[in-house]
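**Student:** what follows is a predicted structure for the sequence shown.
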Amino acid sequence: MAGSGSTDERDVSTRIADFFGFGEHETNFRTETIAGLTTFLAMAYIIVVNPSILAPAIMGEFPENIEDGATTTIAGDTYSYTEVVQMLTVVTILASVIAILVMALYAKRPFGLAPGMGLNAFFTFTVVLILGVPWEVALAAVFVEGIIFILLTAVGARRYIIELFPEPVKFAVGAGIGVFLLFLGLQEIQLVVAYDGTLVQMGNVLETPVAVAGLAGLTLTLLLWARGVTGAIVIGILTTALAAWGATFAGLVERGTITPGSEEVTTSAQYDFTPLFWGFIEGLGQIPEDPLVFLLVVFTFFFVDFFDTAGTLIGVSQIGGFLDEKGDLPEMEKPLMADAVGTTAGAAMGTSTVTTYIESSTGIEEGGKTGFTALVVGGLFALSLLAVPLVTAIPTFATYIALVVVGIIMLQGVADIDWQDPAWAIAGGLTITIMPLTASIANGLAAGIISYPLIKAAMGERRDVSLGQWILAVAFVAYFVIYFAVEAGRIGEIAF
């Protein structure tokens with residue numbers, strides 16, 4: 001019996017390894033599992049952050065105006081702010097799991113997905129609270145965007161557009177995301193802080209507990225990585241988190257200083273998220289009331305998500321060595337389908353746009369090469385439904401250590417750019433720098449895509465630019481005109 005069981009286990013392991021192509025990619029269960037754990041730990045903050053960003057939209061108030069005991073009406077019933085956050089926590093997890101399963105089992109790529117940062121803030125603050133679009137209608141817009149993505153992906157249109165990106169932009173994306181990750185990570189660790197005179201400056205490590213703990217954790221992680229220790233990033237995150245809690249329990253710092261405060265750690269979850277679903281259904285019925293605004297919101301969500309996802313896929317694929325000699329990702333339509341399905345399902349459940357995460361590069365750096373890495377990420381997201389307090393107990397700054405380490409690693413992409421060619425230097429340089437300076441992958445892509453044909457034309461090499469690349473550049477210019485008009489609340493002044 002024991003021998004038969006062992007044989008069955010080996011058969012299952014062999015089938016799994018064959019399904020994900022472990023032999024082809026020269027990987028194994030241990031490496032893929034560590035990679036999945038690393039990506040999950042780097043992404044886990046979204047379980048806490050996404051609900052806190054979206055909840056004000058459901059409540060209909062800016063965060064500072066939400067009072068204790070505040071309630072809102074959803075689909076005819078009254079819910080407290082805490083209940084709304086709990087519902088959104090569950091929805092965030094479920095939307096991530098759905099998208100990641102498509103990535104793992106269909107695309108077989110080691111990428112994690114979840115509701116996108118930036119896109120959720122645009123959903124809440126610009127669309128709902130500033131423009132006054134009901135959150136139900138905004139969810140309907142995200143749903144329609146997802147359907148459009150599914151259709152475009154199915155016919156290969158998304159892959160075609162992404163492959164039109166100029167070569168210097170494709171090769172610069174990885175380094176651009178690297179600088180972006182570095183900047184985000186250093187800010188969260190408080191080694192870089194805001195300053196009126198120069199926008200940012202060095203944080204005071206001697207006076208800031210988070211900076212002290214973050215710098216110690218980052219140093220440990222970098223040393224482990226430099227020595228080639230497997231799982232260095234995971235070890236760094238968990239060690240930093242444990243040290244932070246140890247210092248808190250020892251009375252060296254107060255609770256909430258370098259660990260989540262008592263109000264930040266979720267102790268329960270309302271698993272019934274159907275009120276948000278019925279709110280989404282109501283939003284579909286409200287579309288005919290103001291179709292112009294609805295179309296503009298759909299367009300904006302679509303454009304930003306399209307190029308954010310494209311930039312992330314190319315960037316993390318470059319780190320993983322998945323790109324071909326032209327800088328393209330083979331069978332790109334498969335991972336693109338994952339975020340399209342995730343966005344559609346997530347909107348119906350009650351969350352904003354789902355997208356591929358740049359934090360996926362943390363797992364790739366740990367050796368993740370196949371969909372099994374993503375499967376581990378999805379499994380851990382699913383398990384977090386049962387252990388939300390444990391996930392939320394990891395200090396946010398500890399997870400951002402991973403971003404700093406991976407950001408440094410991703411800078412190697414600058415070596416692939418021909419800096420002697422003005423078109424490559426300008427398009428690549430703008431792509432790399434605009435991303436962190438505007439906190440947007442899409443904006444960095446826009447800078448590179450718009451500048452490339454213009455510089456090529458100025459150099460007398462107009463024939464090297466395809467018609468599709470000119471159309472992309474013009475599309476980005478049109479997008480920015482509409483985006484800034486939406487930001488200023490001047491939709492009615494746009495001339496079509």
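**Tutor:** Sure thing, it's come through. Numbers count the residues shown, from 1 in each chain.
**Student:** can I assume residue 194 sits in a strand?
**Tutor:** Yes: assessed with DSSP: H, G, I helix; E, B strand; the rest coil, residue 194 lies in a strand.
**Student:** ok, residue 273 touching residue 350?
**Tutor:** Yes: the pair residue 273 and residue 350 passes the contact test of CB atoms under 8 Å, sitting 6.0 Å apart. The way it works is simple: take the backbone N, C-alpha and C, and place the C-beta from them, glycine included.
**Student:** higher neighbour count, the two?
**Tutor:** residue 350 (28 against 19; other CB atoms under 10 Å).
**Student:** pretty sure the more buried one contacts residue 279?
**Tutor:** Yes: in this structure residue 350 lies within contact range of residue 279 using CB under 8 Å: 6.9 Å.
**Student:** residues shared between the contacts of the two?
**Tutor:** residue 139 (CB atoms under 8 Å, 6 or more residues apart in numbering).
**Student:** after the helix or strand in which residue 85 is found comes which helix or strand?
**Tutor:** Using DSSP states H and E, the element containing residue 85 is helix 81-102. Tracing the chain past helix 81-102, the next element assigned as helix or strand by DSSP H and E is strand 113-115.
**Student:** what's in contact with that next one?
**Tutor:** In contact with strand 113-115 (CB under 8 Å, 6+ apart) are residues 43, 46, 50, 54, 92, 95-96, 99-100, 103, 338-339, 342, 346, 351-357, 381.
**Student:** repeat that for stretch 447-457.
**Tutor:** Contacts of stretch 447-457 (CB under 8 Å, 6+ apart): 165-166, 168-169, 172, 422-423, 426-428, 430-431, 434, 462, 464-465, 469-470, 472-473, 476-477.
**Student:** can you list the buried residues in it?
**Tutor:** 447-453, 455-456 (16 or more other CB atoms under 10 Å).
**Student:** low-confidence regions, the stretch 101-250 of the chain specifically.
**Tutor:** 118, 230 (pLDDT under 70).
**Student:** mind listing the helices for it?
**Tutor:** 119-121, 135-154, 157-163, 167-188, 209-226, 232-249 (DSSP state H, counting those that start in this stretch).
**Student:** quick check: pLDDT value at residue 29.
**Tutor:** Per-residue pLDDT puts residue 29 at 92.
**Student:** now it: how far from residue 11?
**Tutor:** 15 Å (CB to CB, to the nearest Å).
**Student:** what pLDDT, on average, does the lengthiest helix in the chain get?
**Tutor:** Scanning the chain for the helix with the most residues, using DSSP state H, yields helix 291-320. The pLDDT scores in helix 291-320 average 79.
**Student:** how far off centre is that helix?
**Tutor:** 11 Å (CA atoms, centre = their mean, to the nearest Å).
**Student:** so which bits of it are buried?
**Tutor:** Neighbour-count burial for helix 291-320 [16+ other CB under 10 Å]: 293-294, 296-320.
**Student:** which element follows it toward the C-terminus?
**Tutor:** helix 333-349.
**Student:** pull out the buried members of the contacts of stretch 447-457.
**Tutor:** Looks like those have 165-166, 168-169, 172, 423, 426-428, 430-431, 434, 465, 469-470, 472-473, 476 buried, using 16+ other CB under 10 Å.
**Student:** tell me which of these fall in helices.
**Tutor:** 168-169, 172, 423, 426-428, 430-431, 434, 469-470, 472-473, 476.
**Student:** ok, the residues you listed vs residue 151, which is closest?
**Tutor:** residue 472 (19.6 Å; CB to CB).
**Student:** which residues sit in contact with that closest one?
**Tutor:** 161, 164-165, 449.
**Student:** relative to residue 163, how far out is it?
**Tutor:** Distance from residue 472 to residue 163, by CB to CB: 11 Å.
**Student:** secondary structure element for the spatially closest residue to residue 303 that is not a sequence neighbour?
**Tutor:** For residue 303, ignoring the flanking residues on the chain, the nearest one in space by CB to CB, 6 or more residues apart in numbering is residue 479 at 4.9 Å. If you go by DSSP H and E, residue 479 is part of helix 467-487.
**Student:** what's the angle between that helix and helix 167-188?
**Tutor:** 30 degrees (axes from the mean of the first three to the mean of the last three CA atoms, to 10 degrees).
**Student:** so for helix 467-487, what gets flagged as buried?
**Tutor:** Buried, per 16+ other CB under 10 Å, within helix 467-487: 469-470, 472-473, 476, 479, 482-483, 485-486.
**Student:** dump these to JSON lines, plus pLDDT and distance to residue 259.
**Tutor:** Formatted as JSON lines, those follow (pLDDT from 0 to 100; distance: CB to CB, whole Å):
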{"residue": "469", "pLDDT": "93", "distance to residue 259": "49"}
{"residue": "470", "pLDDT": "95", "distance to residue 259": "53"}
{"residue": "472", "pLDDT": "89", "distance to residue 259": "46"}
{"residue": "473", "pLDDT": "93", "distance to residue 259": "47"}
{"residue": "476", "pLDDT": "87", "distance to residue 259": "43"}
{"residue": "479", "pLDDT": "80", "distance to residue 259": "41"}
{"residue": "482", "pLDDT": "75", "distance to residue 259": "43"}
{"residue": "483", "pLDDT": "72", "distance to residue 259": "38"}
{"residue": "485", "pLDDT": "73", "distance to residue 259": "43"}
{"residue": "486", "pLDDT": "64", "distance to residue 259": "39"}
